[in-house]
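Trainee: fold the following and give me the result.
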Amino acid sequence: MLERITTAQVPEPPGNLFSNCLRAGNTLYISGQHAGAPGGGLLGDGTMADQTRQALMKIAVLVDAAGGTMADVVKLTIFATDLSQRPAISAVRREFFTAEPAPCSTMVQVSGFVDPALKIEIEAIAVLASRDR
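Mentor: Here you go, the predicted structure:
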């Protein structure tokens with residue numbers, strides 16, 4: 001059984017096209033998150049580091065809404081427009097993932113996103129600790 005995880009802090013996409021976060025048992029599947037603001041524009045200052053931070057903050061909010069923490073994240077897939085910015089991306093990741101082991105990760109360079117101002121999008125999988133819900 002699937003459960004949609006929602007929060008006002010990360011609005012669902014318009015038109016019910018897809019879900020931001022689904023729980024299947026104790027596993028969370030989080031769609032790609034980015035620095036886009038509801039209604040258009042960017043959250044933050046637009047740098048790769050800040051866009052990475054905005055995306056990871058949205059992931060953290062969704063994991064929290066499901067009763068987990070960022071320590072529950074087991075896999076990240078990162079889509080970035082400029083892999084020369086990997087040091088900036090890595091530095092921000094260290095702000096969010098301080099416990100060992102670090103999540104598994106894949107980083108892919110892409111030519112762009114629907115909004116050309118976006119530089120990065122991150123999707124995640126988390127496995128929540130078994131607890132009464």
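
Trainee: C-alpha from now on. contacts and neighbour counts both.
Mentor: Noted.

Trainee: residues touching V127, list them.
Mentor: 26-28, 72-74 (C-alpha atoms under 8 Å, 6 or more residues apart in numbering).

Trainee: quick check, nearest of these to V114?
Mentor: Nearest to V114 among the contacts of V127, counting by C-alpha to C-alpha, is L28 at 24.8 Å.

Trainee: which of the contacts of V127 fall in strands?
Mentor: Secondary structure from DSSP state E places 27-28, 73-74 of these in strands.

Trainee: got a winner among these for most neighbours?
Mentor: Neighbour count (other C-alpha atoms under 10 Å) singles out L28 as the most crowded of those, with 26 neighbours.

Trainee: skip the chain neighbours and tell me the closest residue to that one.
Mentor: Spatial nearest neighbour of L28, chain neighbours left out: A126 (5.0 Å); criterion: C-alpha to C-alpha, 6 or more residues apart in numbering.

Trainee: do the same with A66
Mentor: For A66, the closest residue by C-alpha to C-alpha, 6+ apart turns out to be I5, at 6.3 Å.

Trainee: and for the one you found, the neighbour number?
Mentor: Neighbours of I5 (other C-alpha under 10 Å): 19.

Trainee: I'd say it and V61 touch.
Mentor: No - if you go by C-alpha atoms under 8 Å, I5 and V61 don't touch, sitting 10.3 Å apart.

Trainee: now this protein, which segments are flagged as low pLDDT?
Mentor: Along the chain, segments meeting pLDDT under 70 span 130-133.

Trainee: longest helix of it?
Mentor: Longest helix in the chain by number of residues, with DSSP state H as the criterion: helix 48-65.

Trainee: what does that helix contact?
Mentor: 5-7, 9-10, 21, 28, 30, 33-35, 43-45, 69-70, 85, 88-89, 91-93, 96, 118-124, 126.

Trainee: do that again at 6 Å, thanks
Mentor: With contact meaning C-alpha atoms under 6 Å, 6 or more residues apart in numbering, helix 48-65 is reached by 33-35, 69, 88-89.
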